[in-house]
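Asker: Here you go, sequence then predicted model.
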Amino acid sequence: MKPIKTVQSATFVLTETNIDTDQIIPARFLTTTERSGLGQHAFADWRFASDGSEISDAPLNSAAAKSSRILVAGNNFGCGSSREHAPWALLDFGFEVVISSEIADIFRSNSLKNGLLPVVVDTATHADLLANPGIDLTVDLEARHIRFTDGRTVDFPIDNFARYCLMEGIDQLGFLLQQDEAITRYEADRR
Amino acid sequence: MTAKTLYEKIWEQHLVTPETADTPAVLYVDLHLIHEVTTPQAFTLLGERGLSVRRPDLTLATMDHSTPTTPVRKLADIDIVGPAAAAQIRAMQANCEKFGIELHDFGSPYRGIVHVIGPELGATQPGKTIVCGDSHTSTHGAFGALAFGIGASEVSHVLATQCLLQRKAKTMSVTVDGSLPQGVTAKDIILAVIGEIGVAGGTGHVIEYRGSTITALSMEQRMTVCNMSIEGGARAGLIAPDDTTLEYVAGRPMAPTGTDWDEAVTRWRALPSDADAAFDREVHIDASQLKPKVTFGTNPGMVVDVDAAVPQGDGDEAFDKALDYMGLESGRPIAGTPIDVVFVGSCTNSRLSDLESAAAVLRDQRVADGVRMLVVPGSEQVKADAEAAGLHNVFRAAGAEWREPGCSMCLGMNGDTVPRGKLAVSTSNRNFEGRQGVGARTVLASPETAAASAIAGCIADPRPLLAGA
């Protein structure tokens, strides 16, 4: 996993609320046994017509979408299914940060395991970001804030442990494996 | 001693290491349910790290998501689902064999939807922590277990360590009191709850359902309620174990027996939330005022009474987009909307009592011309029980298809899909755009409402039919 400290990019905005993981990656693409290569199917039904051709005026097919690293989306992003294919698809598509006013629990947890940074901001900041697509933004994980080009910053909450893992580029399994002794003790006590 | 909720008691009993400001809690998992779709990457990761499965004895596997609902008599038959799904199914078989995990494969009398077979086998028990790479794991909360969905990375964590890193959730009580009017079901209760709190209302929370209406529900009805907790944003939804719970669990293949049973019952009796336990948020629903519900939009919070009109959107762009997708108009009665497909099945409503409810409506009736009705039992056990009761004959006589167990048309991974632009009344849990097939339109409803709609050929109130029964 690539360490994240700051991500700087023009934002790409999807104003839709309640974007569920079936939109991010439809179920018919879940038959894969791989983690890679899902970006081509990200938002498939928003980007491709029924005959498989690219919908030329779909915002997600624009150069702006393809070059952006920061996705700003409507409230309650990532709701629905627990499929980790959703963050895999978004990362493979090119996004490294998702900003919303609310992000669904399982999606947020899955994102943190894969180096996709979920950022929840207050509703006023969120409205501002939604209304101004393409602005240049810096997401500073170390400082726990997003920074506008005029220097204005807005803090976001992030779990200390998740932040540490993201900044070091390490996955959380290593920490769990170190708990082996405590786990063995717990199992013995419960017997 | 501080008063504790059911959730807090289970949480504390499973702490291997408590949480600190800098590290999450290490939470022990009693039961890990796995299926073919969200495990291949997790097993690959184990392989990459040279790790094994810590507790295959606490891991239970089945095939449900991408499996065909036409008969599979030999392994080669799975190729009908396509090469990718067949490869996934074969990977599951190989991984379970390699790591010594019990798999309810084709041919097992217990194969079925993972959230149907866990309770059926008696693997789902009060006070347990239960996880699965599937968001509807919340179903098992009906037994007073802490059960929630996880992603593939967490599946690998549990396989390797039998533990998860977790932060404690906030708590929400949803109290439902009063007697349910005729024709109003557990499905209508949970649709009402989601309509009330919204699809993000439970984010960050674990819900506990309580009150006289909940206590009066059967286990299968409680599972329907807890199943859709995630549609309200809550990863888990619980109901305190009681006599109904114990009666259901007793005697099942994996339930404790003898003195183990007695000890377990003593532990389970201590689980319910203390009388003065506090919740972070409290919601109240009056069951006596409920009517059968259907969804009209593209998320499960867009709910309306079946005898009401499609609501107005107040200029909300997402609302208008949803109505446009569904082909519905504000102000028009939702009942009477023509339908193309009816699906009775899924981890929400595919158990024996669900099929009995649908069959009671369909008996001596016909599915309307031009409507395809698919009835998919939740498991081999449900299928066998339903056939023993002759329900398959009721469905077939009415013109419905009686299929093999699986997730089927709920998510359309196995080829059971709703065609583009067609409208399905479905007893499943998600009405997202494209959920049941590209461009498919979904109306969520109870088995009774689904069956009544199948007969009428349009969205229909089941109460007149039930009154005449």
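Answerer: That came through, no problem. A quick note: this is a predicted structure, and the numbers were derived from the prediction, not measured. Residues are numbered from 1 along each chain as shown, chains lettered A, B, ... in the order given.
Asker: and B:His334, what does it touch?
Answerer: Not quite, residue B:334 is Ile, not His. B:294, B:296, B:304, B:306, B:308-310, B:328, B:459 (CB atoms under 8 Å, 6 or more residues apart in numbering or on different chains). Backbone N, C-alpha and C define where each C-beta goes, glycine included.
Asker: Narrow the residues you listed to those that are buried.
Answerer: Buried members of the contacts of B:Ile334, scored by 16 or more other CB atoms under 10 Å in any protein chain shown, are B:294, B:296, B:304, B:306, B:310, B:328, B:459.
Asker: Tell me the one of these nearest B:Ala360?
Answerer: Nearest to B:Ala360 among the buried ones among the contacts of B:Ile334: B:Val306, at 17.5 Å, using CB to CB.
Asker: my guess is that closest one meets B:Ser446, correct?
Answerer: No - B:Val306 is not in contact with B:Ser446 according to CB atoms under 8 Å; the separation is 9.4 Å.
Asker: what residues do these two have in common as contacts?
Answerer: Contact criterion CB under 8 Å, 6+ apart; residues shared by B:Val306 and B:Ser446: B:292-293, B:462.
Asker: Greatest separation within the contacts of B:Ile334: which pair is it?
Answerer: Maximum distance among the contacts of B:Ile334 (CB to CB): 13.6 Å, for B:Val306 and B:Leu328.
Asker: what is the mean pLDDT for the longest helix belonging to chain A?
Answerer: The longest helix of chain A (DSSP state H) is helix A:180-190. Here helix A:180-190 scores 96 as its mean pLDDT.
Asker: and what of stretch B:254-274?
Answerer: Stretch B:254-274 comes out at a mean pLDDT of 98.
Asker: Also stretch B:131-148?
Answerer: Mean predicted confidence for stretch B:131-148 is 98.
Asker: right, is that stretch up against chain A?
Answerer: Yes - contact of stretch B:131-148 with chain A (CB under 8 Å from any CB of the partner chain) involves B:133-135.
Asker: next SSE after whichever strand or helix holds B:Lys187?
Answerer: Take DSSP states H and E as the rule and B:Lys187 turns out to sit in helix B:186-197. Remark: after helix B:186-197, the chain's next helix or strand is strand B:205-210, criterion DSSP H and E.
Asker: Tell me what angle that following strand forms with helix B:186-197.
Answerer: With axes from the mean of the first three to the mean of the last three CA atoms, to 10 degrees defining the directions, strand B:205-210 sits at 130 degrees from helix B:186-197.
Asker: Direction included, what does strand B:205-210 pair against?
Answerer: In the sheet, strand B:205-210 lines up against strand B:170-177 (parallel), strand B:236-238 (parallel) (DSSP bridges).
Asker: quick one: average pLDDT of it?
Answerer: Here strand B:205-210 scores 98 as its mean pLDDT.
Asker: Also stretch A:80-97?
Answerer: Across stretch A:80-97, pLDDT averages out at 98.
Asker: same deal with stretch B:351-362?
Answerer: Averaging pLDDT along stretch B:351-362 gives 98.
Asker: before we move on, what about stretch B:168-179?
Answerer: For stretch B:168-179, the per-residue pLDDT averages 98.
Asker: Buried residues, it. List them.
Answerer: Here stretch B:168-179 shows B:168-169, B:171-176 as buried, counting by 16+ other CB under 10 Å.
Asker: And stretch A:12-32, by the same measure?
Answerer: By 16+ other CB under 10 Å, the buried positions in stretch A:12-32 come out as A:12-14, A:16-32.
Asker: if you look at those, which of them are in helices?
Answerer: Using DSSP H, the buried residues of stretch A:12-32 in helices are A:21-24.
Asker: The closest residue in space to B:Gly204 that isn't next to it in sequence: what's it in contact with?
Answerer: Leaving aside its chain neighbours, B:Gly204 sits nearest to B:Lys170 (5.4 Å; criterion: CB to CB, 6 or more residues apart in numbering or on different chains). Applying CB under 8 Å, 6+ apart to B:Lys170 gives the contacts B:204-206, B:280-281.
Asker: Starting from the lengthiest strand in chain A, tell me which strands it pairs with and how they run.
Answerer: The longest strand of chain A (DSSP state E) is strand A:6-14. Applying DSSP bridges to the sheet, strand A:6-14 is found paired with strand A:70-73 (parallel), strand A:136-140 (antiparallel).
Asker: Just say which of the ones you listed is most tucked in.
Answerer: strand A:70-73 (a mean of 25; mean count of other CB atoms under 10 Å in any protein chain shown).
Asker: How about residues contacting the lengthiest helix in chain B?
Answerer: Identified as the longest helix of chain B according to DSSP H is helix B:83-99. Here helix B:83-99 makes contact (CB under 8 Å, 6+ apart) with A:31-33, B:35-37, B:39-40, B:43, B:46, B:52-53, B:56, B:61, B:63, B:66-67, B:78-79, B:81, B:101-103, B:105, B:159, B:413-414.
Asker: What segments of chain A are helices?
Answerer: A:21-24, A:44-47, A:63-67, A:85-93, A:105-112, A:123-131, A:160-168, A:173-177, A:180-190.
Asker: tell me the mean pLDDT over the longest strand of chain A?
Answerer: 98.
Asker: Provide the contact partners of it at residue level.
Answerer: Contact with strand A:6-14 is made by A:59-60, A:64-65, A:67-74, A:95-97, A:99, A:117, A:129-130, A:132-142, as judged by CB under 8 Å, 6+ apart.
Asker: try stretch B:110-118
Answerer: By CB under 8 Å, 6+ apart, stretch B:110-118 touches B:31, B:33-35, B:60, B:62-64, B:104-105, B:120-121, B:123-124, B:130, B:132, B:134, B:136-137, B:139-140, B:223, B:227, B:253, B:346-347, B:350-351, B:377-382, B:405-407.
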